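**Q** Output the structure for:
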Amino acid sequence: MSQRISNTVRTIAGGLIGLALASASGAAWAQDPVAPPVVESPQPATEPPAASEQPPAETPPAEPPAVEASQPEKTEESPSQETPPASDTQDDASAPAEAPSATDPTTGTTDHVVPDPPSDPGPQPLASVGYADTPEIQGSPWRIHDLNRPRPRSVTPQYQGDAGVPGAPPSDAVILFDGKDLSRWRTWGESSSEQLPAQWTLVDGCLEVKPGAGRLVSIDTFGDCQLHLEFQCPLTDVDKQSQERGNSGVFVMGLYEFQVLDMFENFTYADGQVGAIYAQEPPLVNAALPTGVWQSYDIIFETPRFDGEQLIKPAIATVLLNGVLVQNHRELHGPTRHKTPGLYRPHPPGGPIMLQDHGSLVRYRNIWVRPLRWDD
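**A** You can find the predicted model right below:
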């Protein structure tokens, strides 16, 4: 009996000891700070690669500065690509002082403000929109065809389209062209003394410039007068610029030019646009009509007066372009010439009306003149 009791006690004690050991080991496992080494053991394997990747990560930032430092050197090596824009802002101011070496802001080349270079390296040479080396206009701060002279503002004339019938001339007018023939005209050859039969073309009741044929001059001569004519600039020139676009001219007495030029959305020197007293006075406003539309000139002209070799009164002109006043009782400085000052010399009191051949297919119609007698 006593032996059974001792065996039972041993069994119970052994079980209690086992449970105590199991609970102790479980508690130790839960609280043991070394348990994560199972997780930490792969970290040493991953940390070395991470450590090996850090130096390359620091190296690339060091490389870009080297590349960026070399890039400015490349841009400095090609300053010619940036020079033209920089010179654009200085050309207008510096050209008058350095005309022989002025820079063309369009092409970046030089010597395009001097008279007509032998070749045209660019589509829009500077000389065609103005000059900086020409003589000064008498009594004016501007040069002839001055590049920097302000251009007149634009206005829109009232008109009834180009299909209307030209207005009838006054009863006392001398009809120089009525759309029928060229009987009152001649062509000047190399000089005014060489007069040939009129060489221009008669097209649809209009006079059309025949390029290369020369200037068309009236047989009749006039002194003080009112001149009316209508002109049309050709659509064939719309892709051209400045003085190459619809260019011609009307000369009173064969000496004093009033410019004809297609100035609709065109740009040229101020004293060379339509409505200008060529090379002297720009129009008060740009009253040009669209290309291909018939336009009108009305010019009231007083001839210069001479006493022997002495000028006692300059020529005076009042001009309307498309019904808009563009020259108001303006004194002329002498006969008009390209890039050259006008200089009065005694001449006869009357001269012909002359139409210029400048190579453009400009047309004219309804040309008449009223001789003016101030004692009437």
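**Q** So which residues of this structure form helices?
**A** Under the criterion DSSP state H, the chain carries helices at the ranges 2-31, 37-40, 42-76, 83-94.
**Q** weakest of those by average pLDDT?
**A** Between the helices of the chain, the lowest average pLDDT goes to helix 83-94, which shows a mean of 38.
**Q** check contacts around residue 182.
**A** 198, 200, 202, 207 (Cβ atoms under 8 Å, 6 or more residues apart in numbering). No exception for glycine: its C-beta is placed from N, CA and C like everyone else's.
**Q** who wins for neighbours among these?
**A** residue 207 (24 neighbours; other Cβ atoms under 10 Å).
**Q** Where does pLDDT dip in the stretch 251-376 of the chain?
**A** Along the stretch 251-376 of the chain, segments meeting pLDDT under 70 span 374-376.
**Q** in it, which spans are strands?
**A** Secondary structure of the stretch 251-376 of the chain, counting by DSSP state E, counting those that start in this stretch: strands at 256-260, 295-302, 305-307, 310-313, 316-321, 324-331, 351-355, 363-371.
**Q** okay if I get these as JSON lines plus distance to residue 271 and mean neighbour count?
**A** Converted to JSON lines, these look like this (distance: least, Cβ to Cβ, whole Å; neighbours: other Cβ atoms under 10 Å):
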{"stretch": "strand 256-260", "distance to residue 271": "8", "mean neighbour count": "26"}
{"stretch": "strand 295-302", "distance to residue 271": "16", "mean neighbour count": "20"}
{"stretch": "strand 305-307", "distance to residue 271": "25", "mean neighbour count": "12"}
{"stretch": "strand 310-313", "distance to residue 271": "22", "mean neighbour count": "11"}
{"stretch": "strand 316-321", "distance to residue 271": "13", "mean neighbour count": "21"}
{"stretch": "strand 324-331", "distance to residue 271": "11", "mean neighbour count": "17"}
{"stretch": "strand 351-355", "distance to residue 271": "19", "mean neighbour count": "23"}
{"stretch": "strand 363-371", "distance to residue 271": "22", "mean neighbour count": "21"}
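**Q** Between the ones you listed, which one is closest to residue 136.
**A** Among these, the nearest to residue 136 by Cβ to Cβ is strand 324-331 (16.4 Å).
**Q** who's in contact with that closest one?
**A** If you take Cβ under 8 Å, 6+ apart as the criterion, strand 324-331 is touched by 155, 157, 275, 277, 281, 283-285, 287, 314-320.
**Q** which residues pair with residue 185 across the strands?
**A** Beta-bridge partners recorded for residue 185 (DSSP bridges): residue 218.
**Q** On the pLDDT front, check residue 149 for me.
**A** pLDDT, residue 149: 83.
**Q** actually residue 195, not the one I typed
**A** 77.
**Q** Report the beta-bridge partners for it.
**A** Going by DSSP bridges, residue 195 forms beta bridges with residue 188.
**Q** shouldn't it be in contact with residue 187?
**A** Yes. At 7.2 Å, residue 195 and residue 187 qualify as touching, with contact defined as Cβ atoms under 8 Å.
**Q** list the residues that contact both of the two?
**A** residue 217.
**Q** picking up where we left off before, out of the contacts of strand 324-331, which comes closest to residue 261?
**A** Nearest member of those to residue 261, counting by Cβ to Cβ, is residue 275, at 8.9 Å.
**Q** and the residue nearest to the closest one when sequence neighbours are not counted, what is it in contact with?
**A** Among residues not flanking residue 275 along the chain, residue 283 sits closest, at 3.1 Å (Cβ to Cβ, 6 or more residues apart in numbering). Counting by Cβ under 8 Å, 6+ apart, residue 283 touches 152, 273-276, 319, 321, 326-327.
**Q** repeat for residue 257
**A** Here residue 257 is in contact with 249-251, 277-279, 336, 356 (Cβ under 8 Å, 6+ apart).
**Q** The same query, at a cut-off of 10 Å, please.
**A** 248-251, 276-280, 332, 335-338, 354, 356 (Cβ atoms under 10 Å, 6 or more residues apart in numbering).
**Q** Only the buried members of those residues: can you turn that into a ChimeraX selection?
**A** With 16 or more other Cβ atoms under 10 Å as the burial test, the buried ones among the contacts of residue 257 are selected in ChimeraX as follows:
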select :248,249,250,251,276,277,278,279,280,332,335,336,354,356
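**Q** Out of the contacts of residue 257, which two sit at the greatest distance?
**A** It's 248 and 332 that sit farthest apart of the contacts of residue 257, by Cβ to Cβ, at 19.4 Å.
**Q** For residue 151, which non-adjacent residue is spatially closest?
**A** residue 270 (5.1 Å).
**Q** got a list of what the one you found touches?
**A** 129-130, 142, 145-152, 276, 281-283, 286.
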